[in-house]
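Visitor: following is a predicted model, sequence given first.
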Amino acid sequence: MRIAMFSWESLHSITVGGVAPHVTELAAALQRRGHEVHIFTRRAEGQQLHEEIYGVMYHRVNSPPCEDFVDQMEKMCNSMAWSFGETAALIGDFDIAHAHDWMACKAMVQCKNTHGTRCIFTFHSTEQGRSGGPGGGSQRVTEWEGEASFVADRVICVSERLKVEVLELFQLPDSKVWAINNGIQCSRFDGMLEDPAAVKGCYDIGPLDPVVLFVGRMVGGMKGGDLLIEAVPDILACHGGAKVVFVGDGDNKMHCDHRAKEMNIEGSVRFLGARSGEELVNLFKVADVVVVPSRYEPFGLTVCEAWAAGKVVVASDQVGCPVANGEDGWVVSATTEGIAWGVSEVFKDFDRAREMGSKGRVKAAFSLSWDACAEITERAYSEF
């Protein structure tokens, strides 16, 4: 099949959040399965307009900022749809037009209306969910999501949890909506650290201090970093030497730093800001437990990253990633008490925690690989 993907971000253009690795890795996996894949995305300064990377063709469009972000995304979609038409005129028609999240959905709608292309729309979250419930967020964005859901021939959600939300919100037939979990490239986390103590030492953490790791944007309260900081005193009551490491930037970081000082626990927490690449992988490797305390998390890529590193997770019951409670992680309420309880269970038996992390690695390597994700997505494209 000749497949067009539309996304406002990718790992080879502009990277913002979790949609970027999803689109990039899924496209590469589909290409490995013999499909011709084109990604239409934004162009960063200095990048080529057209470039082939790992067998996937990237078509980048300029997307200058506007005073209104939704207006900017609409103009971006117009540029993507134009680029799609130009590309189709050169190489032939596309079999699939696949848009990821609301930012790119108008491009898909134009492809359907202008070219009659079979269309797929993937929800990575919903505007209502991101904004805290009914009536929240931008009504205009919710309308875009609704239009894309109606126009698309198939809707994909990145978890069963999100599928339930989308079915209820947009009143779609169950047969139209598929749940296909996110994937993870486990090979990024292969190999043992030669000197874990040296990695810990970079952050003034003792070699025997247990490490509790949080990775996520600290913007508002959606990722739950504020819940974790409030749980730190109870975590320290279980193990006084524990260090809680926060990786991520945003306005909530300042709040958490302030609360740490107020509770006199600043010596037990580390705020590292945003980290990536090998440094982030090494932080996962030295962690004893990875905490995902989100209030709203349609999937939860951090869970997959933790499992890929062989680490046990403590995840809130709002996380869509399929954590098997007591097997490869602990599922807790999105509360300070729930988080503290989950971490205390890890501290009670580190050997069991390591076994649980190993089970998570197996799940990530097989059930949640990008090749597995691509195989199911391929069926979603063709089974109507």
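Guide: Arrived safely, thanks for sending.
Visitor: when you work out contacts or count neighbours from here on, use the C-alpha atoms and nothing else.
Guide: Fine.
Visitor: residue 212 belongs to a strand?
Guide: Yes - according to DSSP: H, G, I helix; E, B strand; the rest coil, residue 212 belongs to a strand.
Visitor: so it is in contact with residue 285, correct?
Guide: No - judged on CA atoms under 8 Å, residue 212 makes no contact with residue 285 at a distance of 11.4 Å.
Visitor: what about residue 165, how many residues close to it?
Guide: Residues near residue 165, counting by other CA atoms under 10 Å, number 17.
Visitor: ok, it to residue 340 distance?
Guide: Going from residue 165 to residue 340 by CA to CA, to the nearest Å gives 28 Å.
Visitor: got the contact list for residue 344?
Guide: By CA atoms under 8 Å, 6 or more residues apart in numbering, the contact set of residue 344 is 235, 238.
Visitor: where do the helices sit along the protein?
Guide: Counting by DSSP state H, the chain has helices at residues 19-32, 69-91, 105-115, 127-130, 139-151, 160-170, 196-201, 225-238, 251-262, 277-286, 301-308, 336-348, 350-366, 370-382.
Visitor: point out where the stretch 1-150 of the chain drops to low pLDDT.
Guide: For the stretch 1-150 of the chain, applying pLDDT under 70 flags the ranges 133-137.
Visitor: who's in contact with the closest residue to residue 189 other than its chain neighbours?
Guide: Once flanking residues are discounted, residue 189 sits nearest to residue 309: 5.4 Å by CA to CA, 6 or more residues apart in numbering. For residue 309, the contacting residues are 186, 189, 190, 281, 284, 285, 357, 361, by CA under 8 Å, 6+ apart.
Visitor: and the fourth one, how far from residue 215?
Guide: Here residue 281 is placed at a distance of 11 Å from residue 215 (CA to CA).
Visitor: who's more crowded, these two?
Guide: Per other CA under 10 Å, whichever of residue 281 and residue 215 has more neighbours is residue 215, with 27 against 18.
Visitor: where's that one relative to residue 313, distance?
Guide: As judged by CA to CA, residue 215 and residue 313 stand 12 Å apart.
Visitor: between these two, what contacts are shared?
Guide: Common contacts of residue 215 and residue 313, defined by CA under 8 Å, 6+ apart, comprise residue 292.
Visitor: any idea how this protein splits into domains?
Guide: Split into domains by automatic domain parsing, the chain comes to 2-183+369-382, 186-366.
Visitor: still on that earlier bit, okay if I get the helices of the chain as a markdown table plus distance to residue 268?
Guide: Shown next, in a markdown table, are these (distance: least, CA to CA, whole Å):
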| stretch | distance to residue 268 |
| --- | --- |
| helix 19-32 | 32 |
| helix 69-91 | 39 |
| helix 105-115 | 44 |
| helix 127-130 | 31 |
| helix 139-151 | 41 |
| helix 160-170 | 34 |
| helix 196-201 | 13 |
| helix 225-238 | 8 |
| helix 251-262 | 9 |
| helix 277-286 | 16 |
| helix 301-308 | 21 |
| helix 336-348 | 15 |
| helix 350-366 | 20 |
| helix 370-382 | 37 |
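Visitor: which of those sits most buried?
Guide: Stretch with highest mean neighbour count among the helices of the chain: helix 301-308 (a mean of 27; mean count of other CA atoms under 10 Å).
Visitor: and the angle for it with helix 277-286?
Guide: Angle, helix 301-308 to helix 277-286, by axes from the mean of the first three to the mean of the last three CA atoms, to 10 degrees: 70 degrees.
Visitor: quick one: mean pLDDT over helix 301-308.
Guide: For helix 301-308, mean pLDDT rounds to 97.
Visitor: quote the end-to-end distance of stretch 189-206.
Guide: Stretch 189-206 stretches 23 Å from its first residue to its last (CA to CA).
Visitor: name the residues that touch it?
Guide: 207, 243, 270, 281, 282, 283, 285, 286, 308, 309.
Visitor: just those residues now: which is nearest residue 143?
Guide: Proximity of the contacts of stretch 189-206 to residue 143 (CA to CA) peaks at residue 308, which lies at 36.9 Å.
Visitor: list the contacts of residue 236.
Guide: For residue 236, the contacting residues are residue 242, by CA under 8 Å, 6+ apart.
Visitor: picking that back up, which of the contacts of residue 309 lies closest to residue 222?
Guide: Comparing the contacts of residue 309 against residue 222 with CA to CA places residue 284 closest, at 21.4 Å.
Visitor: any idea how far that closest one is from residue 297?
Guide: The gap separating residue 284 from residue 297 is 20 Å, by CA to CA.
Visitor: let's have the contacts of residue 309 in a markdown table, adding pLDDT and distance to residue 10.
Guide: A markdown table is the format used below for these (pLDDT from 0 to 100; distance: CA to CA, whole Å):
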| residue | pLDDT | distance to residue 10 |
| --- | --- | --- |
| 186 | 95 | 19 |
| 189 | 96 | 20 |
| 190 | 95 | 23 |
| 281 | 97 | 20 |
| 284 | 98 | 23 |
| 285 | 98 | 25 |
| 357 | 98 | 29 |
| 361 | 98 | 25 |
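Visitor: now for these, which pair is the farthest apart?
Guide: Comparing the members of the contacts of residue 309, the greatest separation, given CA to CA, is between 281 and 357, at 15.2 Å.
Visitor: spatially central, which residue of this protein would that be?
Guide: The centre of the chain sits closest to residue 18, judged by CA atoms, centre = their mean, with a distance of 3.3 Å.
Visitor: and that residue, backbone torsions?
Guide: Per-residue torsions, residue 18: phi -80, psi -20 (degrees, to the nearest 10).
Visitor: shouldn't it be in contact with residue 301?
Guide: Yes - using CA under 8 Å, residue 18 is in contact with residue 301, at 7.1 Å.
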